[in-house]
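> Kindly return the folded structure for what I paste below:
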Amino acid sequence: MSTIPSRRPDATPATSQVPLQAREPDAATLARTAERAAGELLAPAAPHRLADVVPAPQQVQPDPTEDWVLPAEAVIVASADPAALAVAAQLAELLRPATGYPLPVTDATAPEPVGGIALVLDDAAGLGAEGYRLDVTTDGVRLTAGTATGLFYGAQTLRQLLPPAIESPVPLTEHWALPGGTITDAPRFPYRGAMLDVARHFFAVEDVLRVIDHLARYKLNHLHLHLTDDQGWRIAVDSWPKLTTVGATTEVGGGPGGHYTKADYRRIVSYATAHHITVVPEIDLPGHTNSALVAYPELAPDKVAPPPYTGTEVGFSYVDPADERTYDFIADVLGEVAALTPGPWLHIGGDEAFKVKGEVYTGFVERVQRIVADLGKTVVGWHQLAPAAHVHDRVLQWWGTNGEDPTTVDAVRRGARLILSPGNHAYLDMKYAPDTPIGHDWAGLIDVRKAYDWDPDTHVADVPATAILGVEAPLWTESVTSLADIEFLLLPRLPAIAELGWSARTTHDWDSFRDRLAGQGPRWVTAGISFHRAPEIPWPTAPATLTTAAASATSTASPTPSQRRPSRADTTAL
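Predicted coordinates:
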């Protein structure tokens, strides 16, 4: 693996690079510092418009005569339903730190804003499972949806319509204004996701939760976790304990590895569920299994344990498809993972099994698919599964770079649906430019415009739009070692994929998107989030080497495990 430069001059420093203070400043000092920093670092904000949202809303009806300012005495009132009240509580938690307002949450049979914010569950609103309507008037804000998920997405829009200072962790003096009018919104695709590879490099629970926050901000609703690979096994399996005691102790480059206990995994799933995100666990089979073979040589074709692997090559390992013990192993592992995962999906990988070919490969896949179906789950796999027989509702994740794929087209004709992750548009481990210090380029360079400018409905030739379940942005981590690295590669490209998944094709416009995306920069700066200052985006912030008092405030907290491990991509000390 090539050496990565220790400094990345165009990254906004994350909180992990801010040295811990010897003494925590008091709240008043933090507030004054934050106000001063905001004035120094952010260019004068342009007038905020109702349409300045990412992803682009379906329908926007602005009314400048109805702008509303959040008052200090505002109350958030929600329908008398536990799920609606949970969203109201989340919204209050988002708004309290920066405003300093108490924002009490209450319930009512028929919620009304009365100068505050009302969250209304209304089955008859005709907004669908994830849609919402946001009405802003001088009397207050009414957020209506048929489900708590719709309310949650509406709350994310409300958050973006407030000034960027709303992301501050400390109180600021600000004109907390919302532009007047109505937004009616619903997603284009039911599946909108991102993948985090925790096998090549292991990431602590706190890092995964932070990634969930990023997904939720942009209305993505699936987190695909690549849990197993040659370099490490990351999920505890009680019936096969050596998978973690032996197989989890390595990672790319020879680091310590790690794994999630069942309690860790439940915490991730619970946090994702609270943010209306479904976890999609992947156990990659039959290849990418060296870590399992190190732990259990009986699964290897020659019954000999291979050495642990910390490199980045692929395609050399596989479990023995001719041994019944292999299928006992698979049934046990998938059974335990399924029991931990409330969502409908089980991802079985299936890619790059170069040494398992032809009928042997398809026979293996067909048997594993039946195991998944018997567990009551829906099979998801990389598009290499396509030649195998179809099982009900099977989903193929297509990661090609050429839209001509007759084998996948045939699988679709037999009933398969597709999640699109084209390697040359959606793989967020690809470099932005030749000089990007981390990432790959085997699928080409992916700047923000390339991530944005493609159409899921027509991308794979001869696949009807009705077969497209949605989109997903994978992040493989061979060169990614820290949360700062993750954020640098996710942002600002993740919102581009999110807009493709959420927004109607009729809203697709690069010039509009780049301007709306630019408005996210001050929010990330204020929140202490790392990102790549892509040159094609007209960022309104000051130079990336500066930070805000928001980062200083969060630096007083105990660092997460990944923050204790310096990023090779950005070790700038402030």
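> buried stuff in stretch 450-469?
450-452, 454, 456-457, 459-460, 463, 467-469 (16 or more other C-beta atoms under 10 Å). C-beta: built from backbone N, CA, C; applies to glycine.
> Contacts for that stretch, please.
Stretch 450-469 is contacted from outside by 189-191, 395, 398, 400, 403-406, 408-409, 412, 416-420, 422, 424-426, 428, 444, 470-471, 473, 493, 496-497, 499-501, 505, 508, 510, 513, using C-beta atoms under 8 Å, 6 or more residues apart in numbering.
> Which ChimeraX command selects the buried ones in those?
Entered in ChimeraX, the line below selects the buried ones among these, by 16+ other C-beta under 10 Å:
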select :189,191,395,398,400,403,405,408,409,412,416,417,418,419,420,422,424,425,426,428,470,471,473,493,496,497,499,500,501,508,513
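> circling back to that earlier point, ok, which pair from the buried residues of stretch 450-469 is furthest apart?
Farthest-apart pair in these is K450 and A467; separation 24.0 Å (C-beta to C-beta).
> Just to be sure, E499 is in a helix?
Yes: counting by DSSP: H, G, I helix; E, B strand; the rest coil, E499 is found in a helix.
> Kindly give the local confidence score, pLDDT, for it.
pLDDT for E499: 99.
> residues in contact with it?
E499 touches 54-56, 218, 452, 508, 513, counting by C-beta under 8 Å, 6+ apart.
> let's see 10 Å
E499 is in contact with 53-56, 188, 192, 218-219, 451-452, 471, 507-508, 512-513, 516-517, counting by C-beta atoms under 10 Å, 6 or more residues apart in numbering.
> next one: V269
V269 touches 223, 225, 277-279, 281, 340-343, counting by C-beta under 10 Å, 6+ apart.
> Quick check: pLDDT value at it.
Confidence score, pLDDT, at V269: 98.
> quick thing: my sequence starts at 7, can you match it?
From this message on, residue numbering opens at 7, which makes the last subject V275.
> Next one: it from V401, what distance?
20 Å (C-beta to C-beta, to the nearest Å).
> swap in G187?
G187 is 38 Å from V401, by C-beta to C-beta.
> repeat for D357
14 Å.
> One more: L97?
According to C-beta to C-beta, L97 stands 33 Å off from V401.
> what does A337 give?
For A337 relative to V401 (C-beta to C-beta), the value is 21 Å.
> hang on, the earlier thing: just the buried subset of the contacts of E505, please.
Here, 16+ other C-beta under 10 Å leaves 59-62, 194, 198, 224-225, 457-458, 477, 513-514, 519, 522-523 buried among the contacts of E505.
> Among those residues, which are located in strands?
If you go by DSSP state E, the buried ones among the contacts of E505 have 198, 477 in strands.
> which ones among the buried ones among the contacts of E505 are found in helices?
Secondary structure from DSSP state H places 457-458, 519, 522-523 of the buried ones among the contacts of E505 in helices.
> ok, so of these, who is nearest E319?
Nearest to E319 out of those is A457 (C-beta to C-beta; 26.8 Å).
> any weak-confidence spans in the stretch 7-156 of the chain?
Low-confidence segments of the stretch 7-156 of the chain (pLDDT under 70): 7-53.
> same check, this time on the stretch 457-580 of the chain
547-580.
> where do the helices sit along it?
With helices called from DSSP state H, counting those that start in this stretch, the stretch 457-580 of the chain shows them at 489-496, 499-508, 516-524, 527-533, 555-560, 567-570.
> and the angle for the longest one with helix 516-524?
If I follow you right, that is helix 499-508. 130 degrees (axes from the mean of the first three to the mean of the last three C-alpha atoms, to 10 degrees).
> on that earlier part again, which two from the ones in helices among the buried ones among the contacts of E505 end up farthest apart in space?
A457 and R522 (14.6 Å).
> Secondary structure of A84: a helix, I assume?
No: membership of A84 in a helix is not supported by three-state DSSP, which gives strand.
> beta partners for it?
D113, L125 (DSSP bridges).
> Next, work out how far apart A306 and V477 are.
With C-beta to C-beta as the criterion, A306 and V477 are 36 Å apart.
> oh, I was asking about R331
38 Å.
> list the contacts for the closest residue to S174 other than its chain neighbours?
Residue nearest to S174 in three dimensions, not counting chain neighbours: A104, with 4.1 Å by C-beta to C-beta, 6 or more residues apart in numbering. A104 is in contact with 40, 168-178, 180, 182, 532-533, 556, counting by C-beta under 10 Å, 6+ apart.
> ditto for T255
Per C-beta under 10 Å, 6+ apart, neighbours of T255: 208, 238-239, 261-265, 297, 300-301, 314.
> what's the answer for I189, then?
Going by C-beta under 10 Å, 6+ apart, the list of residues near I189 reads 56-57, 59, 63-68, 138-142, 149, 160, 163-164, 167.
> Wait, a strand at it?
Yes: using three-state DSSP, the assignment for I189 is a strand.
> residues near T413, how many?
T413 has 12 neighbours, counted by other C-beta atoms under 10 Å.
> Next, work out how far apart L101 and G527 are.
L101 is 21 Å from G527, by C-beta to C-beta.
> Pick the one among the buried ones among the contacts of E505 closest to A80.
Set against A80, the nearest of those by C-beta to C-beta is V59 (21.2 Å).
> The closest one against L167, yeah?
Yes: in this structure, V59 is within contact of L167 by C-beta atoms under 10 Å, at 6.9 Å.
> List the contacts of the residue nearest the centre of the chain.
By C-alpha atoms, centre = their mean, the chain has its centre lying nearest to L221, at 3.7 Å. Taking C-beta under 10 Å, 6+ apart, we find L221 in contact with 198-200, 202, 227-229, 278, 281-283, 479, 496, 500, 504.
> What strand or helix carries it?
In the assignment (DSSP states H and E), L221 maps to helix 211-223.
> Give me the neighbour count for H446.
Around H446 there are 17 residues (other C-beta under 10 Å).
> bridging residues for it?
Beta-bridge pairing of H446 under DSSP bridges involves M436.
> what about it, distance to A116?
Here H446 is placed at a distance of 55 Å from A116 (C-beta to C-beta).
> One more: F208?
For F208, the distance to A116 - C-beta to C-beta - is 49 Å.
> When these two are compared, which one has more neighbours?
F208 (26 against 10).
> can you pull the contacts of that one?
F208 neighbours (C-beta under 10 Å, 6+ apart): 237-238, 240, 254-258, 261-266, 483, 487, 567-568.
> before we move on, what about K437?
443-447, 449-453, 485, 495 are the contacts of K437 under C-beta under 10 Å, 6+ apart.
> can we see that at 7 Å?
Under the criterion of C-beta atoms under 7 Å, 6 or more residues apart in numbering, the neighbours of K437 are 445-447, 451.
> Give me the residues contacting the helix or strand where I425 lies.
I425 is part of strand 423-426 when elements are defined by DSSP H and E. Residues outside strand 423-426 that contact it (C-beta under 7 Å, 6+ apart): 197, 401-404, 418, 462, 465-466, 469, 473-478.
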